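In: here's my sequence, what's the structure:
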Amino acid sequence: MSTTGHVKAQRGDLAVIVSQVHDFIIGQPLRTRTEVDVCEVTNITRDGHVKAVIKATWGMRVEIKRWVHRHTIYIVPKNEIDVSAAMKASAENPWPSGHAGMPYRSLGDAREALRPFRRPASGESTA
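Out: So this is what the prediction gives:
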(Lines give C-alpha, C1' and ligand atoms only; values in the text may rest on other atoms or scores of the structure.)
Protein backbone atom coordinates (compact mmCIF):
# COMPACT_ATOMS: atom_id res chain seq x y z
CA MET A 1 0.00 0.00 0.00
CA SER A 2 1.20 3.50 -0.76
CA THR A 3 0.32 6.78 0.92
CA THR A 4 -1.31 9.47 -1.18
CA GLY A 5 1.80 11.58 -0.62
CA HIS A 6 3.73 9.22 -2.90
CA VAL A 7 1.12 7.87 -5.32
CA LYS A 8 -1.50 9.79 -7.25
CA ALA A 9 -4.92 8.25 -6.76
CA GLN A 10 -7.21 7.38 -9.65
CA ARG A 11 -10.94 6.82 -9.69
CA GLY A 12 -11.63 3.18 -8.88
CA ASP A 13 -8.51 2.70 -6.72
CA LEU A 14 -8.86 1.25 -3.25
CA ALA A 15 -8.34 3.74 -0.42
CA VAL A 16 -7.53 2.40 3.03
CA ILE A 17 -8.23 5.17 5.53
CA VAL A 18 -6.68 4.86 8.99
CA SER A 19 -8.38 7.13 11.55
CA GLN A 20 -7.60 7.95 15.16
CA VAL A 21 -10.94 7.96 16.97
CA HIS A 22 -11.41 9.52 20.41
CA ASP A 23 -14.15 8.04 22.61
CA PHE A 24 -15.55 10.47 25.17
CA ILE A 25 -17.53 8.67 27.87
CA ILE A 26 -18.77 10.54 30.93
CA GLY A 27 -16.89 9.55 34.06
CA GLN A 28 -14.14 7.71 32.15
CA PRO A 29 -10.76 8.79 30.80
CA LEU A 30 -10.40 9.59 27.11
CA ARG A 31 -9.89 6.49 24.97
CA THR A 32 -8.19 6.62 21.59
CA ARG A 33 -8.56 3.77 19.14
CA THR A 34 -7.78 3.08 15.51
CA GLU A 35 -10.43 2.49 12.86
CA VAL A 36 -9.49 1.37 9.36
CA ASP A 37 -12.04 1.91 6.61
CA VAL A 38 -11.76 0.34 3.17
CA CYS A 39 -13.14 2.58 0.44
CA GLU A 40 -13.27 3.01 -3.32
CA VAL A 41 -12.01 6.32 -4.71
CA THR A 42 -14.77 8.17 -6.58
CA ASN A 43 -13.37 11.69 -6.96
CA ILE A 44 -9.84 13.09 -7.15
CA THR A 45 -8.22 16.48 -7.58
CA ARG A 46 -6.16 17.35 -10.65
CA ASP A 47 -3.10 16.53 -8.54
CA GLY A 48 -4.38 13.03 -7.75
CA HIS A 49 -5.45 13.68 -4.16
CA VAL A 50 -8.56 11.85 -2.95
CA LYS A 51 -11.65 14.10 -2.74
CA ALA A 52 -14.38 11.50 -2.14
CA VAL A 53 -14.79 7.78 -1.56
CA ILE A 54 -17.47 5.14 -1.15
CA LYS A 55 -17.10 3.44 2.24
CA ALA A 56 -17.39 -0.34 2.07
CA THR A 57 -19.19 -0.50 5.42
CA TRP A 58 -21.78 2.16 4.55
CA GLY A 59 -22.03 1.78 0.77
CA MET A 60 -22.34 5.55 0.45
CA ARG A 61 -20.17 8.38 -0.83
CA VAL A 62 -18.21 10.47 1.69
CA GLU A 63 -16.25 13.62 0.92
CA ILE A 64 -12.81 13.49 2.53
CA LYS A 65 -13.10 17.11 3.70
CA ARG A 66 -16.03 15.93 5.84
CA TRP A 67 -14.14 12.96 7.36
CA VAL A 68 -14.63 13.44 11.09
CA HIS A 69 -11.41 12.00 12.50
CA ARG A 70 -7.73 12.67 11.93
CA HIS A 71 -6.66 10.21 9.26
CA THR A 72 -4.08 8.91 6.82
CA ILE A 73 -5.05 7.58 3.39
CA TYR A 74 -3.23 4.66 1.78
CA ILE A 75 -3.87 3.95 -1.90
CA VAL A 76 -3.89 0.48 -3.47
CA PRO A 77 -3.99 0.92 -7.25
CA LYS A 78 -6.91 -0.86 -8.92
CA ASN A 79 -4.53 -2.91 -11.08
CA GLU A 80 -3.01 -4.43 -7.89
CA ILE A 81 -6.22 -5.58 -6.17
CA ASP A 82 -9.74 -6.79 -6.97
CA VAL A 83 -11.49 -3.66 -5.68
CA SER A 84 -15.07 -5.01 -5.75
CA ALA A 85 -14.11 -8.22 -3.89
CA ALA A 86 -12.11 -6.24 -1.31
CA MET A 87 -15.04 -3.85 -0.80
CA LYS A 88 -17.50 -6.76 -0.41
CA ALA A 89 -15.30 -8.57 2.12
CA SER A 90 -14.78 -5.36 4.10
CA ALA A 91 -18.53 -4.65 4.14
CA GLU A 92 -19.08 -8.13 5.59
CA ASN A 93 -16.46 -7.76 8.36
CA PRO A 94 -18.50 -8.72 11.47
CA TRP A 95 -18.94 -6.82 14.72
CA PRO A 96 -18.67 -8.98 17.87
CA SER A 97 -22.48 -9.12 17.83
CA GLY A 98 -22.34 -10.82 14.42
CA HIS A 99 -23.70 -7.87 12.43
CA ALA A 100 -21.74 -6.88 9.33
CA GLY A 101 -19.97 -3.58 8.73
CA MET A 102 -17.26 -3.24 11.38
CA PRO A 103 -14.17 -1.22 10.42
CA TYR A 104 -10.87 -3.02 10.89
CA ARG A 105 -9.05 -2.38 14.18
CA SER A 106 -5.59 -1.92 12.67
CA LEU A 107 -3.79 -1.50 9.39
CA GLY A 108 -2.34 -4.98 9.90
CA ASP A 109 -5.85 -6.48 10.23
CA ALA A 110 -6.92 -4.71 7.02
CA ARG A 111 -3.81 -5.91 5.15
CA GLU A 112 -4.43 -9.49 6.24
CA ALA A 113 -8.11 -9.34 5.24
CA LEU A 114 -7.32 -7.78 1.84
CA ARG A 115 -4.37 -10.04 0.96
CA PRO A 116 -6.52 -12.69 -0.83
CA PHE A 117 -7.76 -10.02 -3.26
CA ARG A 118 -4.30 -8.80 -4.28
CA ARG A 119 -3.38 -9.30 -7.91
CA PRO A 120 0.14 -10.54 -8.66
CA ALA A 121 2.47 -7.85 -10.04
CA SER A 122 3.84 -8.49 -13.50
CA GLY A 123 6.59 -11.10 -13.28
CA GLU A 124 5.47 -12.19 -9.78
CA SER A 125 4.69 -15.85 -9.19
CA THR A 126 1.15 -16.81 -8.11
CA ALA A 127 2.34 -20.05 -6.44
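
In: neighbours of P29, how many?
Out: Other residues near P29 number 7, with proximity taken as other Cβ atoms under 10 Å. Yep, even glycine has a C-beta here, placed from its N, CA and C like the rest.

In: show me where this structure has helices.
Out: 83-91, 107-114 (DSSP state H).

In: can you list the ones you listed in TSV and add mean neighbour count?
Out: Below are the helices of the chain laid out as TSV (neighbours: other Cβ atoms under 10 Å):
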stretch	mean neighbour count
helix 83-91	18
helix 107-114	16
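
In: reformat these into CSV and put mean pLDDT and distance to P29 next to each item.
Out: Formatted as CSV, these follow (pLDDT from 0 to 100; distance: least, Cβ to Cβ, whole Å):
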stretch, mean pLDDT, distance to P29
helix 83-91, 97, 31
helix 107-114, 96, 25
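
In: and the closest residue to L14 other than its chain neighbours, how many neighbours?
Out: Nearest non-adjacent residue to L14, counting by Cβ to Cβ, 6 or more residues apart in numbering: V76, 4.1 Å away. Residues within reach of V76, counting by other Cβ under 10 Å, total 24.

In: biggest strand in the protein by residues?
Out: In the chain, ranked by residue count with DSSP state E as the criterion, the top strand is strand 31-44.

In: and the strands in this protein?
Out: Going by DSSP E, the chain shows strands at 2-3, 14-23, 31-44, 50-55, 61-63, 70-76.

In: state the distance from the residue lying farthest from the centre of the chain to V18.
Out: Here the centre of the chain is the reference, and by Cα atoms, centre = their mean the most remote residue is G27, at 32.2 Å. Relative to V18, G27 is positioned 29 Å away (Cβ to Cβ, to the nearest Å).
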